[in-house]
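A.B. asks: sequence and computational prediction follow.
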2 protein chains.
Amino acid sequence: MMETSDAAGKQTNDRSGQMGPSIVLVEPQLGENIGFSARAMGNFGLRDLRLVAPRDGWPNNKALAAAAVAEPIVAEARVFDTLEAALADCNYVVATTARPREMVKPVFSPETAASTLRTRTVAGVRCAVMFGGERNGLNNDAIVLADAILTAPVDPSFASLSLPQAVLLFSYEWLKSGNPEALGRVTAFDGPVREGLATPGTVPASRAALFGLFDHLEGALDSAGFLRPPEKRPAMVRSIRNMFHRMECTEQDVRTWRGIVSAFTRRATGSKG
Amino acid sequence: MMETSDAAGKQTNDRSGQMGPSIVLVEPQLGENIGFSARAMGNFGLRDLRLVAPRDGWPNNKALAAAAVAEPIVAEARVFDTLEAALADCNYVVATTARPREMVKPVFSPETAASTLRTRTVAGVRCAVMFGGERNGLNNDAIVLADAILTAPVDPSFASLSLPQAVLLFSYEWLKSGNPEALGRVTAFDGPVREGLATPGTVPASRAALFGLFDHLEGALDSAGFLRPPEKRPAMVRSIRNMFHRMECTEQDVRTWRGIVSAFTRRATGSKG
């Protein structure tokens, strides 16, 4: 678990008493853009910034300078070597992309993403939104780790949202989602999102638990000769992982799947012996 | 009248056939911020940028560089000596401020401002939104020229919206106001609000396909000894089926799962023989 009580203690809770979604920047390039993103977060009540392999290393003085009053958010940002580590303690993850990808996932506008994440956050689900680097955005291996996709509406003849602009739009909608009356949102929440997935007796699976399941299942499928030919393996793995993310597994669900994979594996082993 | 037919001709009309509101930056300081503001405008379909007495003169190479693909908006921006001249051809003007001022004027959120300006624009009213310089924002003499005030909601402990951030929020809400359906703002669904599950190249699975998969999988799990003891079998089967329903399988997904079950089954059979 990457989330320590100390790190959690740095968070500012919003009025619901919940910690807002983490903002995860994946391989960001320019320090200025990290700083501008932090400033966008701070303006709208988000505090937990995570960086995956920032190009220019860390700490980064340009990031601190660009953050202005959001400097503490940059100073307390956590840096991870891998996206999997950055997401390990998260239960529900949204990936930001400029355009639809060849993935079977729900697609949200910033507004819908914010209200969805608000509902989940209030229910105690740890949420994160990830954003790709300036040049190419998130690659497919990153997107596949997400439960849903966030795509901001833009003028199709432009479609040039910068990294801090994308962070700003989500953060703004996040704050709006928590305080609809004050912001002129005439559309009351009459049942937009699921009121939280009912998970009696269990809790949403952590990303770490899911990643463990993926290793287990994919190893078994390799042994069973399913993930062939090799050139098709990456797409097959992505497709299977996407299905698991859509499932929104609980911890119990992950145990069930581990049991299923073990049963199939044991059966093969047992019949050999 | 500052608006010449030539200047109007440069505008990109949106789908309503109307020119969007002009963005008026009053005594902006940094060229970068002018460029970032132009990029924000372009992303959301606004084209008419007006500058009142930019501190560093005009043209400004930093503004052009920061604009990226929005360079034409910067190149075509019009510069005025006075705010009065910049607003001369406008019929309805909104002033952006960080906090309420001692003015008796309507106060709008970005969302409400956008829908108000959309309604007026469609009715043929020339609208503008003005933003103050980086240091102090608009002074009272500028605000008094406006019909209404726009104040973006921010975390009160921060309240540090930069000039391009403020332009971005209005521009984003402007685009949203013109196209609500496409952006998930119609929250009438009584299930999850998804802007739609993207299912490239495939279609949602029929129930018949799913039931066939259930038979196949549960048969294999019975053979593997997983669904035991018998009194727990019904609950285990329900739990697994629930996961598949949450997955919202496509036809291709069902084929993938059939393949997985077959691979595990073949493996066991093969090793027996």
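C.D. replies: Sure, I can see it.
A.B. asks: next, count neighbours for A:Arg118.
C.D. replies: For A:Arg118, the number of neighbouring residues by other CB atoms under 10 Å in any protein chain shown comes to 26. Backbone N, C-alpha and C define where each C-beta goes, glycine included.
A.B. asks: can you check what angle separates the helix or strand encompassing it from helix B:110-122?
C.D. replies: A:Arg118 belongs to helix A:110-122 when elements are defined using DSSP states H and E. Inter-element angle recorded for helix A:110-122 and helix B:110-122: 160 degrees (by axes from the mean of the first three to the mean of the last three CA atoms, to 10 degrees).
A.B. asks: beyond the helix or strand hosting A:Ile149, next helix or strand please.
C.D. replies: When elements are assigned from DSSP H and E, A:Ile149 belongs to strand A:148-150. Toward the C-terminal end, the helix or strand that comes next after strand A:148-150 (DSSP H and E) is helix A:163-177.
A.B. asks: by how many degrees do that next one and helix B:163-178 diverge?
C.D. replies: Computed by the same axes, to 10 degrees, the angle between helix A:163-177 and helix B:163-178 is 60 degrees.
A.B. asks: these two touch, right, A:Asp147 and A:Lys105?
C.D. replies: Yes: in this structure A:Asp147 lies within contact range of A:Lys105 using CB atoms under 8 Å: 7.2 Å.
A.B. asks: what touches both of those two?
C.D. replies: Common neighbours of A:Asp147 and A:Lys105 (criterion: CB atoms under 8 Å, 6 or more residues apart in numbering or on different chains): A:His245, A:Arg246.
A.B. asks: show me chain A divided up by domain.
C.D. replies: If the domains of chain A are taken from automatic domain parsing, they occupy A:22-178, A:207-269, with pieces of a single domain joined by a plus sign.
A.B. asks: ok, back up a step: is the strand holding A:Ile149 positioned near chain B?
C.D. replies: Yes: using CB under 8 Å from any CB of the partner chain, a contact is recorded between strand A:148-150 and chain B, made by A:Ala148, A:Ile149.
A.B. asks: rounded mean pLDDT for that strand, please.
C.D. replies: pLDDT averaged over strand A:148-150 equals 92, rounded to a whole number.
A.B. asks: then stretch A:77-90?
C.D. replies: Over the span of stretch A:77-90, the pLDDT mean works out to 95.
A.B. asks: same check on stretch A:228-240?
C.D. replies: Here the mean pLDDT over stretch A:228-240 is 92, rounded to a whole number.
A.B. asks: shaky segments in chain A?
C.D. replies: Under the criterion of pLDDT under 70, the regions of chain A flagged as low confidence span A:1-18, A:100, A:180-201, A:267-273.
A.B. asks: past the helix holding A:Arg118, which element shows up next along the chain?
C.D. replies: Sequence-wise, the next helix or strand downstream of helix A:110-122 (DSSP H and E) is strand A:127-131.
A.B. asks: neighbouring strands for that following strand, and are they parallel or not?
C.D. replies: If you go by DSSP bridges, strand A:127-131 pairs up with strand A:22-26 (parallel), strand A:92-96 (parallel).
A.B. asks: any chance of those in CSV, plus mean neighbour count?
C.D. replies: Below are the strands paired with strand A:127-131 laid out as CSV (neighbours: other CB atoms under 10 Å in any protein chain shown):
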stretch, mean neighbour count
strand A:22-26, 25
strand A:92-96, 26
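A.B. asks: just put those strands in TSV and tack on distance to B:Ala205.
C.D. replies: TSV is the format used below for the strands paired with strand A:127-131 (distance: least, CB to CB, whole Å):
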stretch	distance to B:Ala205
strand A:22-26	32
strand A:92-96	24
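A.B. asks: closest to B:Ala66 out of those?
C.D. replies: Among those, strand A:22-26 comes nearest to B:Ala66, with 20.1 Å by CB to CB.
A.B. asks: show the end-to-end separation of stretch A:146-165, please.
C.D. replies: The first and last residues of stretch A:146-165 sit 21 Å apart, counting by CA to CA, to the nearest Å.
A.B. asks: stretch A:149-165 now?
C.D. replies: Across its full length, stretch A:149-165 reaches 17 Å between end residues, using CA to CA.
A.B. asks: buried sites along it?
C.D. replies: Applying a neighbour-count criterion of 16 or more other CB atoms under 10 Å in any protein chain shown, the buried positions in stretch A:149-165 are A:149-155, A:158, A:160-165.
A.B. asks: wait, A:Arg241 sits on A:Phe214?
C.D. replies: Yes: under the contact definition of CB under 8 Å, A:Arg241 touches A:Phe214, with a separation of 6.1 Å.
A.B. asks: more neighbours: the two, which one.
C.D. replies: Regarding A:Arg241 and A:Phe214, a neighbour count based on other CB under 10 Å identifies A:Arg241 as having more, with 21 against 18.
A.B. asks: which strands or helices does the helix holding A:Arg118 pack on?
C.D. replies: Judged by 3 or more CB pairs under 8 Å, 6 or more residues apart in numbering or on different chains; DSSP states H and E, the packing partners of helix A:110-122 are strand A:92-96, strand A:127-131, strand A:148-150, helix A:163-177.
A.B. asks: for the residue nearest to A:Gly20 when sequence neighbours are not counted, phi and psi?
C.D. replies: The shortest distance from A:Gly20 to any non-neighbouring residue, by CB to CB, 6 or more residues apart in numbering or on different chains, is to A:Leu46 (4.7 Å). Backbone dihedrals for A:Leu46, given as degrees, to the nearest 10, come out at phi -100, psi 150.
A.B. asks: I'd say A:Leu46 and A:Pro21 touch.
C.D. replies: Yes: proximity of A:Leu46 to A:Pro21 meets the contact threshold set by CB under 8 Å, at 6.8 Å.
A.B. asks: pull up the overlap in contacts between those two.
C.D. replies: Counting by CB under 8 Å, 6+ apart, the shared contacts of A:Leu46 and A:Pro21 are A:Trp174.
A.B. asks: identify the residues contacting the strand holding A:Ile149?
C.D. replies: Counting contacts by CB under 8 Å, 6+ apart, the residues outside strand A:148-150 that touch it are A:94-97, A:100-101, A:103, A:105-110, A:113, A:116, A:129, A:143, A:170, B:194, B:198.
A.B. asks: any quick ChimeraX command for the buried ones out of these?
C.D. replies: Only the buried members of the contacts of strand A:148-150 enter the following ChimeraX selection, criterion being 16+ other CB under 10 Å:
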select /A:94,95,96,97,101,103,105,106,107,108,109,110,113,116,129,143,170 /B:194,198
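A.B. asks: near chain B, which residues of the stretch 1-150 of chain A show up?
C.D. replies: Of all the residues in the stretch 1-150 of chain A, those in contact range of chain B (CB under 8 Å from any CB) are A:12, A:36, A:39-40, A:42-45, A:68-70, A:100-109, A:111-112, A:115-116, A:148-149.
A.B. asks: so which of these are in strands?
C.D. replies: Cross-referencing the residues of the stretch 1-150 of chain A next to chain B against strands under DSSP state E gives A:Val107, A:Phe108, A:Ala148, A:Ile149.
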